[in-house]
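Trainee: just need the structure, nothing else, for what follows:
(2 chains)
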Amino acid sequence: MAEARRLIAPLASRAMPLAWIVLTIALTFLGLLAITFTIGRVVPIDPVLAVVGDRASRETYEAARLAMGIDDPWAVQFARYVGDVIRGDLGISVSTGRPVTQDLARVFPATLEMATLGIIIGVLIGVPMGVIAAARQGTWIDQIIRVLALAGYAVPAFWLGLVGLVIFYAKLRWVGGPGRIGIFLDGTVPTQTGLLLIDSLIAGDMRAFRSAFSHVVLPATILGFFALAYIARMTRSFMLEQLGQEFITTARVKGVPERVIIWRHAFRPIRVQLITVIGLSYAGLLEGSVMIETVFSWPGIGNYLTTALLNADMNAVLGATLVIGAVFVAINRGSDLLYRVMDPRART
Amino acid sequence: MILSLPSRDWLLSDDPETRMQARLGQAYRLARALMRNPLAMFGLAIILSLLVVAALAPWLAPYSPLDGNLQNRLRPPSSAHWMGTDELGRDILSRVIFGARITLFIVVLVAIISAPLGLLIGAVSGYFGGWIDRILMGLTDIFLSMPRLILALAFVAALGPGIENAVIAIAITAWPVYARIARAETLTFRNAEFIAAVQMQGASHTRIITRHVIPLCLSSTIVRVTLDMAGIILTAAGLGFLGLGAQPPLPEWGAMISRGRAFILDQWWVATMPGFAIVIVSLGFCLFGDGLRDVLDPKGKSK
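Mentor: Reported below is the predicted structural model:
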């Protein structure tokens, strides 16, 4: 009995804040739904008219109005909206004529592919850069990181995309142009995962793979640049904090090689913090892809959203907002949760 | 001359005789500290030039920003048109100069709406604590954990495109950060004796919040607003680029880039030139904000 209590007690003390966290995450999702719901209600478009068309008779209009429950109290309508969303029903897109959920499922892999490549670039270059900058404070690499971090704040992503297209596509011909793949290869790769790079490899079509790669490399690099700027800056400041600790001085006095001090003594403790940072910038990339996708005519969720915006296709706008918001919140809170689980100091 | 310039000793006096003297002295110290930071001064110079360019746009611009000469369309940069001309033969430099007014308009308006709102919510939340705090901060956290650009896009979609609606949408997504900062700041002195003293003198909650709590939260909020300016400019330009912000023929920088997109491969200057303006102005606010933070809020430096 006592044995059991000793095992359960720490679990319970950890489960309580965990339950609280799960509750706040649920509340955040509900808040997101409340925002999209409210936005949907603010729109100066008559939702009934959008369904029946402007040539419908008065009776049809009234019947549709009743069926849609426009006159119900807001709370009832909101509950119905939440129910619909949970069942995966986001309404019909006016411009494509298909359910928004289907549309989103079709375009999401393209965004995922680009953002994932972007974050890989950001991590592979950003983390070592940050570590080296902290280890050699004040040298040229340190200065480069300062400039990059500033550029990450001051340069508009869509403009950088256009400049990149001019230089690397139009002038140098190093990369493919807008779109996911060359027009002659479009639709030749059988869809398995929706990720063109992987699908073309599965199909064994190296020509399609090369074309897809040459198209994704520029937008992914530009996205990666914004992740890199943030990750490198955070890595640098985490490392500086560690390197100022006394155990580092002790290690130096003991004659531990500098390389070991930096990578084993200083870098190891910050890995958990870095996961949060990487999670945050990954979520940020999903957001940044909206602009980049528009510039590169990339058929992902961002492009879907902006096209819907221009067509006043409200179901599609709100659906895309909801999905991007939900993924953003999930990554955000997920990395926070991971941090709490992995870092003993954060457990209270 | 009856008024002489205050002397340095008077400004730096350790026991000022009036509040005015104390405040001027503090401002003088701040200015001195800022001036020692060359990057911050560079940022300030950029911001001041933005103000000057916006104010004197009609005199500085060599051509009209709206009327073009169709025979002169899509000319590359030359001595007559430093930044070239666009698809309607309008001088891009003149449009960029007039665009400074729009950018300034957006930035100032967003700051005026979102900073006081966030400041008030944060101060009330931190001052009262308890359930009020929990509800207000819950709301703030919900907004904070959402993608700002996407939210702004959705709001503009609902309100309809246009520069005023873009301002409202950006302001709606900008306040939560200030609320968090103001609350954190309020908590540091919430239980201090001077608050208790004012309370015992019978001051109302409203008076305490507006006269004692908010002034103390001001400096960290101002720092954050300055740092956020770059983000606001980028978001506004992004909305303009997507056709949701300022509408043509207004020379908004983001909208200009969007128009230039069609000619990007052959007439690169149409889309790239306004981008340089965005980068320079954002950079100015970043640098100045960094310097201001180092001076006003040394605690935040390590973060």
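
Trainee: number of residues surrounding B:Leu104?
Mentor: 18 (other C-beta atoms under 10 Å in any protein chain shown). All C-beta atoms are positioned from the backbone trio N, CA, C, and that covers glycine.

Trainee: can you show me the helices along the stretch 151-300 of chain A?
Mentor: All helices of the stretch 151-300 of chain A, identified by DSSP state H, counting those that start in this stretch, fall at A:157-164, A:196-203, A:206-243, A:246-254, A:258-260, A:267-295.

Trainee: dump those to CSV, plus distance to A:Ile92, mean pLDDT and mean neighbour count.
Mentor: CSV is the format used below for those (distance: least, C-beta to C-beta, whole Å; pLDDT from 0 to 100; neighbours: other C-beta atoms under 10 Å in any protein chain shown):
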stretch, distance to A:Ile92, mean pLDDT, mean neighbour count
helix A:157-164, 30, 91, 23
helix A:196-203, 27, 79, 18
helix A:206-243, 30, 88, 22
helix A:246-254, 60, 88, 12
helix A:258-260, 60, 86, 10
helix A:267-295, 23, 87, 22
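
Trainee: reformat the ones you listed as TSV; add distance to B:Ala271.
Mentor: Listed next are the helices of the stretch 151-300 of chain A as TSV, based on distance: least, C-beta to C-beta, whole Å:
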stretch	distance to B:Ala271
helix A:157-164	5
helix A:196-203	28
helix A:206-243	15
helix A:246-254	49
helix A:258-260	46
helix A:267-295	10
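
Trainee: with distance to chain B as extra columns, can I get the ones you listed in a markdown table?
Mentor: Compiled in a markdown table, those are given as follows (distance: least, C-beta to the nearest C-beta, whole Å):
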| stretch | distance to chain B |
| --- | --- |
| helix A:157-164 | 4 |
| helix A:196-203 | 24 |
| helix A:206-243 | 7 |
| helix A:246-254 | 17 |
| helix A:258-260 | 24 |
| helix A:267-295 | 4 |
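
Trainee: if we compare these, which one ends up closest to A:Lys171?
Mentor: The minimum distance between A:Lys171 and these falls on helix A:157-164, with 10.7 Å, by C-beta to C-beta.

Trainee: contacts for the closest one?
Mentor: The contact list for helix A:157-164 (C-beta atoms under 8 Å, 6 or more residues apart in numbering or on different chains) reads A:218-219, A:221-223, A:225-226, A:288, A:291-292, A:294-296, B:234, B:237-238, B:241, B:254, B:257, B:260-261, B:264, B:271-272, B:275, B:278-279.

Trainee: also compute the angle for that helix relative to helix A:206-243, please.
Mentor: Here the directions of helix A:157-164 and helix A:206-243 differ by 130 degrees (axes from the mean of the first three to the mean of the last three C-alpha atoms, to 10 degrees).

Trainee: can you pull out the low-pLDDT segments for the chain?
Mentor: As the question left the chain open, I've gone with chain A. Counting by pLDDT under 70, chain A contains low-confidence ranges at A:1-17, A:44-47, A:49-54, A:344-348.

Trainee: hm, I was asking about chain B
Mentor: For chain B, the ranges with pLDDT under 70 are B:1-5, B:297-303.

Trainee: how about A:Pro178, nearest residue that isn't a chain neighbour?
Mentor: A:Ser297 (4.0 Å; C-beta to C-beta, 6 or more residues apart in numbering or on different chains).

Trainee: what of A:Ser289?
Mentor: A:Gly302 (4.7 Å).

Trainee: for A:Met239, same thing?
Mentor: A:Met239 sits nearest to A:Ala134 (C-beta to C-beta, 6+ apart), 3.4 Å away.

Trainee: isn't the residue nearest to A:Pro178 up against A:Gly179?
Mentor: Yes - between A:Ser297 and A:Gly179 there is a contact under C-beta atoms under 8 Å: 5.4 Å.

Trainee: which one's more surrounded, the two?
Mentor: Set A:Ser297 next to A:Gly179 and count neighbours by other C-beta under 10 Å: A:Gly179 wins out with 15 against 11.

Trainee: please name the residues that touch that one.
Mentor: Counting by C-beta under 8 Å, 6+ apart, A:Gly179 touches A:Asp186, A:His215, A:Phe296, A:Ser297, A:Trp298, A:Pro299.

Trainee: mind redoing it with 10 Å?
Mentor: By C-beta atoms under 10 Å, 6 or more residues apart in numbering or on different chains, the contact set of A:Gly179 is A:Asp186, A:Ser211, A:Ala212, A:His215, A:Phe296, A:Ser297, A:Trp298, A:Pro299.

Trainee: count the residues that sit near B:Ala61.
Mentor: So B:Ala61, with other C-beta under 10 Å, has 18 neighbours.

Trainee: from A:Leu201, how far off is it?
Mentor: Separation of B:Ala61 from A:Leu201 (C-beta to C-beta, to the nearest Å): 55 Å.

Trainee: what's the spacing between the residue nearest to B:Gly231 when sequence neighbours are not counted and B:Ile232?
Mentor: Once flanking residues are discounted, B:Gly231 sits nearest to A:Tyr153: 7.3 Å by C-beta to C-beta, 6+ apart. The gap separating A:Tyr153 from B:Ile232 is 12 Å, by C-beta to C-beta.

Trainee: quick check: neighbours shared by these two?
Mentor: Residues touching both A:Tyr153 and B:Ile232 (C-beta under 10 Å, 6+ apart): B:Ser282, B:Phe285.

Trainee: now stretch B:49-63, how far from the centre of its chain.
Mentor: 19 Å (C-alpha atoms, centre = their mean, to the nearest Å).

Trainee: in the stretch 1-150 of chain B, what residue lies closest to chain A?
Mentor: Here the stretch 1-150 of chain B gets closest to chain A at one residue, B:Ile142, 3.4 Å apart by C-beta to the nearest C-beta.
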